[in-house]
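>>> Model the following, please.
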Amino acid sequence: MRVCIQRVKRASVTLPATGNIVSEIGVGLLVLLGVGTEDSENEAKELAKKCTELRIFEDEMGKMNRSLIDVGGSMLVVSQFTLYADCRKGRRPSFTAAASPDKADRLYQIFIETIRNRGISVATGVFRNEMHVELINDGPVTIWIDTTQR
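Predicted structure coming up:
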């Protein structure tokens, strides 16, 4: 699994077909989540735990020492198969390493449920829909985690 985590002041998802905001959060994390063909339920749960405990919020001394749990923030999770783009050949990305939609949705839901079970308020994108994601990155702080690179 791959995530691009952005510490945000606020973030939202709008469906361009309607122009309606379907999800929004204040202070917290925007998590773009990609699921690969080899990913498992256990990886989804472990990665969710890691995202909630990652100490990337500043303490009173200005050091990144607090987690999402510590600051009482929210999380906006958006499924993003394009995190598995392979651009090594030619000019058109290949997405063969991305999981099938059924598998990706199942692991996306497990990831979200794991976070909710940890007491975090979670907003989501709309799986397999075109979305406009808007955010104010705080810092900016952007972290990349790939579970295959342990």
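>>> for the residue nearest the centre of the chain, what are its contacts?
The centroid of the chain falls nearest to V31 when counting by CA atoms, centre = their mean (1.9 Å). Shown in contact with V31 (CB atoms under 8 Å, 6 or more residues apart in numbering): 3-6, 51, 75-78. In short, each C-beta sits where N, CA and C put it, glycine included.
>>> Would you tell me which one of those residues comes nearest to E38?
The closest of those to E38 turns out to be V3 (CB to CB; 15.7 Å).
>>> So that closest one sits against C51, correct?
Yes: counting by CB atoms under 8 Å, V3 sits close enough to C51 to count as a contact (6.5 Å).
>>> where in the protein is pLDDT low?
For the chain, residues meeting the criterion pLDDT under 70 lie at 150.
>>> distance of the residue lying farthest from the centre of it from R2?
Distance to the chain centre peaks in the chain at G90, reaching 28.0 Å (criterion: CA atoms, centre = their mean). Distance, G90 to R2, using CB to CB, to the nearest Å: 22 Å.
>>> before we move on, what about L68?
According to CB to CB, L68 and R2 sit 19 Å apart.
>>> who has more neighbours, these two?
L68 (26 against 22; other CB atoms under 10 Å).
>>> contacting residues around the nearest residue to that one once chain neighbours are set aside?
Among residues not flanking L68 along the chain, T52 sits closest, at 5.2 Å (CB to CB, 6 or more residues apart in numbering). Applying CB under 8 Å, 6+ apart to T52 gives the contacts 67-69, 75, 115, 118, 120.
>>> what two of those residues are the furthest from one another?
S67 and I115 (12.2 Å).
>>> that older thread, doesn't the residue nearest to L68 fall inside a helix?
Yes: assessed with DSSP: H, G, I helix; E, B strand; the rest coil, T52 lies in a helix.
>>> R91: neighbour count?
5.
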